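A.B. asks: just to be clear, the model below is a prediction. Sequence and coordinates:
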Amino acid sequence: MTIAIYPGSFDPITKGHIDILKSGAEIFEKVIIAVSYNINKQGFLPIETRLDLIKKSVIDIPNVEVDSFEGLTIEYAKKKNAKVLLRGLRTSFDFEYEMQLSQTNQALYNEIKTVFLITKPEYNFISSSSVREIIFNKGKIDEFVPQAVAKYLNSKYYGI
Ligand code: ADP
């Protein structure tokens with residue numbers, strides 16, 4: 001059984017992330033979406049909230065597991081017996097960054113291979129940072145995030 005890890009901050013998870021995850025789940029027998037965190041760095045949403053929103057957003061994908069980890073992704077992958085890291089690509093900027101990250105991971109642990117999936121055009125411009133920016137400026141985020149995330153953010157920030 002090929003296990004893939006889909007690591008990221010997912011702060012918050014977006015429709016773009018879900019698209020990559022769904023495609024990954026069609027290719028691999030099991031995909032673990034894993035929120036990477038650093039206890040010294042506080043993000044936008046607490047880890048527990050990010051995990052809760054991911055769980056609610058992936059409920060209809062049977063071969064997906066939700067988890068979190070601290071430290072190196074390759075160490076987490078070893079622990080989970082995963083040989084594949086799944087990452088999404090939007091632009092050539094993503095590519096430059098992802099190529100370096102993938103080569104670093106491979107230098108650290110040659111058994112791990114990164115598989116890149118290209119996002120659908122309609123999700124190409126979506127990022128967690130733009131969702132955060134829209135929230136800080138009181139805009140509407142419903143188009144960019146799964147329903148559970150929109151419900152949570154709208155209630156927390158706009159009281160609706
Ligand atoms: P990180 O902090 O590791 O960059 P992110 O949560 O921002 O984590 O993203 C995790 C993965 O999802 C990365 O591979 C990123 O390129 C990808 N990704 C983010 N947004 C999108 C999107 N809209 N479409 C496709 N892939 C995406």
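C.D. replies: Done, it's in.
A.B. asks: pull out the buried residues from the lengthiest helix in the chain.
C.D. replies: Criterion DSSP state H: the longest helix present in the chain is helix 92-108. Neighbour-count burial for helix 92-108 flags 94, 98, 102, 105 (criterion: 16 or more other C-beta atoms under 10 Å). All C-beta atoms are positioned from the backbone trio N, CA, C, and that covers glycine.
A.B. asks: is the helix or strand that comes right after it up against the ligand anywhere?
C.D. replies: Going down the chain from helix 92-108, the next helix or strand is strand 113-118, by DSSP states H and E. No: shown here: strand 113-118 not in contact with the ligand (C-beta under 6 Å from any ligand atom), separated by at least 7.5 Å.
A.B. asks: strand 113-118 pairs with which strands?
C.D. replies: strand 84-89 (parallel) (DSSP bridges).
A.B. asks: any chance you could list what contacts the partner strand?
C.D. replies: For strand 84-89, contacts defined as C-beta atoms under 8 Å, 6 or more residues apart in numbering pick out 2-7, 16-17, 19-21, 24, 28, 31, 73, 77, 94-95, 98, 101-102, 105, 112-119.
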